[in-house]
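Asks: how would this look folded up:
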Amino acid sequence: MTAIVQNVVTSGVFELDGGSWDVDNNVWLIGDDEEVLVIDAAHDAARIEDAIGERKVVAIVCTHAHNDHVNAAPELASRTGAPILLHPEDRVLWDLTHADRAPDGELADGQELTVAGTRLKVIHTPGHAPGAVCLYAADLGTVFTGDTLFNGGPGATGRSYSDYPTIRKSIQDKLFVLPEDTRVNTGHGGGTTIGDEKSGSAGWD
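Replies: The predicted structure is shown next:
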């Protein structure tokens, strides 16, 4: 069976630098009838577990460690026995939310994860957060961008540990080299394509 992509939207609060904002997060599940990989366990472990069902969870992958993307990860890991994977450069943000629970493994640029016979390549895309990553599934024609790239432009860079020139370079050098028809599945809101974002990028500055 070819891997399929499922989307679960969860709601909660994003907190950083003393501020808080109500947010809806996209949680992505990639897999088949037997196993699944979870991208960004946000807010509601029970709801995500319901979507998983009886399938084995091979990993809980964090695109970055802002609290709204990782706050349900330890509980989901406890419920499923799956390891939590995070790029080490985002440990500083992870510790703001989970100081007493470390991730189980590290993500690295160029690393490949496999679920249901489908490979996902880890692409380190700093800027929104120092350890931000995207996951590119060539066989599915899809890239999961977390908060690095949205429908309409780059993710926010106005808070601690973020940098606008860095996120622009990450998108230009790491994402815009992907096929233009690649579907972009984002951390919040609706999707887009690499081609659509490339064509609109001249107006970002």
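Asks: contacting residues for I171?
Replies: 125, 127, 148-149, 154, 197, 201 (C-beta atoms under 8 Å, 6 or more residues apart in numbering). For every residue, glycine as well, the C-beta is placed using N, CA and C.
Asks: now stretch 156-170: buried residues?
Replies: Of the residues in stretch 156-170, 157, 161-162, 164, 166-168, 170 count as buried by neighbour count, 16 or more other C-beta atoms under 10 Å.
Asks: neighbour-wise, which of the contacts of I171 leads?
Replies: For these, the largest neighbour count, defined by other C-beta atoms under 10 Å, is 31 neighbours, found at T125.
Asks: thought I167 was touching that one, still the case?
Replies: Yes. Assessed by C-beta atoms under 8 Å, T125 is found in contact with I167 at 7.5 Å.
Asks: can you list residues touching both of those two?
Replies: With C-beta under 8 Å, 6+ apart, T125 and I167 have common neighbours T148.
Asks: pull out the buried residues from stretch 124-144.
Replies: Residues 124-137, 140, 142-144 are the ones in stretch 124-144 that count as buried (16+ other C-beta under 10 Å).
Asks: point out where the chain drops to low pLDDT.
Replies: Within the chain, the stretches with pLDDT under 70 are 1.
Asks: what about the helices in it?
Replies: With DSSP state H, the ranges of helices along the chain come out as 45-52, 67-70, 73-80, 91-97, 164-170, 194-200.
Asks: what is the first one packed up against?
Replies: If you count contacts as 3 or more C-beta pairs under 8 Å, 6 or more residues apart in numbering; DSSP states H and E, helix 45-52 packs onto strand 4-16, strand 19-31, strand 35-39, helix 73-80.
Asks: list the buried residues of it.
Replies: For helix 45-52, by 16+ other C-beta under 10 Å, it's 45, 47-49, 52.
Asks: may I see those organised as CSV, with distance to T10 added?
Replies: Below are these laid out as CSV (distance: C-beta to C-beta, whole Å):
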residue, distance to T10
A45, 9
R47, 6
I48, 7
E49, 12
I52, 13
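Asks: return the member of those nearest to G31.
Replies: Comparing these against G31 with C-beta to C-beta places I52 closest, at 8.6 Å.
Asks: these two touch, right, the closest one and T80?
Replies: Yes. Between I52 and T80 there is a contact under C-beta under 8 Å: 6.8 Å.
Asks: highest mean neighbour count out of the helices and strands packed on helix 45-52?
Replies: strand 35-39 (a mean of 25; mean count of other C-beta atoms under 10 Å).
Asks: check which helices and strands that one sits against.
Replies: strand 19-31, helix 45-52, strand 56-61, strand 112-115.
Asks: turn those into a markdown table, including distance to L93.
Replies: Shown next, in a markdown table, are those (distance: least, C-beta to C-beta, whole Å):
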| stretch | distance to L93 |
| --- | --- |
| strand 19-31 | 15 |
| helix 45-52 | 19 |
| strand 56-61 | 15 |
| strand 112-115 | 21 |
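Asks: these: which one's closest to H69?
Replies: Between H69 and the helices and strands packed on strand 35-39, the tightest spacing by C-beta to C-beta is seen for strand 19-31, at 6.7 Å.
Asks: parallel or antiparallel, which strands does the closest one pair with?
Replies: Strand 19-31 has the following strand partners under DSSP bridges: strand 4-16 (antiparallel), strand 35-39 (antiparallel).
Asks: thank you, goodbye.
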